[in-house]
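Engineer: just a sequence and a predicted model for now, questions to come.
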Protein chains: 2
Amino acid sequence: MLPQRFPQKPSAICPNSPDIDDQACLAVREVLNRVGDKWSLLIVGYLAEGPLRFNELRRSVEGISQRMLTLTLRGLERDGLVARSVQATTPPRVDYALTPIGLTLLEPVRALVAWADQNRVAITDARTAFDAEQQGQDRAA
Amino acid sequence: MLPQRFPQKPSAICPNSPDIDDQACLAVREVLNRVGDKWSLLIVGYLAEGPLRFNELRRSVEGISQRMLTLTLRGLERDGLVARSVQATTPPRVDYALTPIGLTLLEPVRALVAWADQNRVAITDARTAFDAEQQGQDRAA
DNA sequence: CCGTATCCATTCTGATACTG
DNA sequence: CAGTATCAGAATGGATACGG
């Protein structure tokens, strides 16, 4: 409802429909932020095959620290993408599983991953070419 | 070819096909890293409607600093997603446009954005509920 | 087993000032 | 107009130690 000095919106990010406002833009970026961090997608990927316990995830996601696993799981749980269930046995057993929403996330994520996979060679080549050209520029100067 | 202590791979991130190796996993995460940063998708979104000059982008992408616009554009250019064309007039005119690869990125990105848009309310609600529950936990302790 | 707390290094980002 | 350089603060991530 606030006056917009820059009413133009990026079609890829926020479809130009009347009921998509700046709030949606922000929400989209927040979601992308979560999904784009270092571990979230990897964890969602592992959970796609079924629930896993904390230390099972820790062993699966090679290289992740305990701290980051906890933090990332909390984030996913907070957003309602992952469910945490505790059985108060000794020792305690904690399972993590995708929620229904978490499951639906899998589809667009897979599309993006497929794109990344299809274009990774082209991207690597582009990087190499770009870096080589930069080198040349520096020498020319 | 190296022995893998953890051969299991996240299906969402790395499809379990024989010719997708750990390199692909890394490449995918690199791509996701680029796409997941603060400004890239926003810029790709604006360029989806056609080429734009540097300062046109600056005015469109509200809140971006000159520095970050430069850096993000360089990154996208390096990855071959955006093309930079200079006309050496005075003052110089520099146009940025999506490359063919950049254009193909738009489709999976739109799918993710659509998901984010469809689920943003649920996610916001989940966050509120989670935070409220955390508050309760703190008080209970 | 499943965390939390603390500390530290690295990276990212924005503000500002300056150049061809 | 289209950048680059420099600096400071914020955010991110890892290592380690400790607690329920």
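Structural biologist: That came in fine, so what should we check first? Residues are numbered from 1 along each chain as shown, chains lettered A, B, ... in the order given.
Engineer: helix, strand, or coil at the nearest residue to A:Trp115 once chain neighbours are set aside?
Structural biologist: In space, and not counting its chain neighbours, A:Trp115 is closest to B:Pro108: 4.6 Å by CB to CB, 6 or more residues apart in numbering or on different chains. Where you see a C-beta, it was placed from the backbone N, CA and C, and this is true even at glycine. Classification of B:Pro108 using DSSP: H, G, I helix; E, B strand; the rest coil returns helix.
Engineer: so what's B:Pro108 up against?
Structural biologist: A:108, A:111-112, A:114-115 (CB atoms under 8 Å, 6 or more residues apart in numbering or on different chains).
Engineer: list the contacts of the residue of chain A at minimum distance from chain B.
Structural biologist: Nearest residue of chain A to chain B, counting by CB to the nearest CB: A:Gly36, 1.8 Å away. A:Gly36 makes contact with B:32-33, B:35-37, according to CB under 8 Å, 6+ apart.
Engineer: redo those as TSV? Include secondary structure.
Structural biologist: Compiled in TSV, those are given as follows (three-state DSSP):
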residue	secondary structure
B:Leu32	helix
B:Asn33	helix
B:Val35	helix
B:Gly36	coil
B:Asp37	coil
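Engineer: and which of these is nearest to B:Gly80?
Structural biologist: Ranked by distance to B:Gly80 (CB to CB), the contacts of A:Gly36 are led by B:Val35 at 13.4 Å.
Engineer: can you count the residues close to that closest one?
Structural biologist: The number of residues packed near B:Val35 is 23, by other CB atoms under 10 Å in any protein chain shown.
Engineer: my guess is it meets B:Leu105, correct?
Structural biologist: Yes: because the distance of 7.5 Å satisfies CB atoms under 8 Å, B:Val35 is recorded as touching B:Leu105.
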